[in-house]
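> I would like the atomic coordinates for the input below:
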Amino acid sequence: MSDIVLPVDVRENTGTGAARAVRREGKVPGTLYGGKGGPVAIAVRDNVLRKAINTGKFLSHMVTLEHDGKKQSVIPKDVQFDPVTDVPLHIDLFRVDADSIIDVEVSVVFLGEEKSPGLKRGGALNVVRHTVELSCPAGSIPESIEIDISAMEIGDSVHISDVTLPEGITPTIADRDFTIATLAGARVALEDEEEAADADEDADGEEGTEAEADGEEEGEGSED
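Just a heads-up that it's a prediction; the model follows:
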């Protein structure tokens, strides 16, 4: 569980104009919803929110809101950023308690790369999923999914069934044993790169042929 605490204010006014006024005060407008309560317009100081976001845990952990001495557990659902300045513009927070079951993306961490016989022989680890979406209690979100690849050989794959998840936590994709990573040989990786390069050349060649055809058609039209 994260130790992030956000002191918030409740906003009386909503709408575009009210949100701009909040930002001029050095705060970020937001909305609190879910649970037994209705939607509530809130605001949090910009520097406090940035500090929370910079922890790297803001969007994947339970957070505590403080208002008038009262505390509320929430899960951040979304942060909107300015596309140019990357300044946070708005946040959406969802009410939860420690036992609430939520879906959250958890990062994958690979261990034992220096011992993998496949990597030592020149293989390449192809990561299919850098994160896995899990269904878990809000108060028990794992920091990461750790996968030991120290015994992986070239041609081996890691599927979700190979991962031991904590009790009460399950992947949201339950209809198939999806792949998380594979260990391919250097030749396979090189062939993949060559195929991609050939595809790009073919595409460029087709564009060039089309351009030449267009030029010929324009030339025939000018003669008329």
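
> what's the helix or strand containing residue 20 packed up against?
The secondary structure element spanning residue 20 is helix 16-24 (assigned by DSSP states H and E). Of the remaining helices and strands, those touching helix 16-24 by 3 or more CB pairs under 8 Å, 6 or more residues apart in numbering; DSSP states H and E are strand 27-33. Every residue, glycine included, has its C-beta placed from N, CA and C.

> and after the strand it packs on, which helix or strand comes next?
By DSSP H and E, the next helix or strand past strand 27-33 is strand 40-45.

> any buried residues in the helix or strand that that following strand is followed by, and which?
Downstream of strand 40-45, the first helix or strand assigned by DSSP H and E is helix 46-53. Taking 16 or more other CB atoms under 10 Å as the neighbour-count basis, helix 46-53 is seen to contain the buried residues 46, 48, 49, 52, 53.

> can you check stretch 154-173 too?
When neighbours are counted by 16+ other CB under 10 Å, the buried residues of stretch 154-173 are found to be 154, 156, 158, 160, 169, 171.

> hang on, residue 88 packs against residue 44?
No: with contacts counted by CB atoms under 8 Å, residue 88 stays clear of residue 44, the gap being 9.2 Å.

> shared neighbours, these two?
Listed as contacting both residue 88 and residue 44 by CB atoms under 8 Å, 6 or more residues apart in numbering are residue 28.

> now the helices for this structure?
Read by DSSP state H, the chain holds these helices, from start to end of the chain: 16-24, 46-53, 117-120, 186-223.

> buried set for the shortest one?
With burial defined by 16+ other CB under 10 Å, the residues of helix 117-120 counted as buried are 118, 119.
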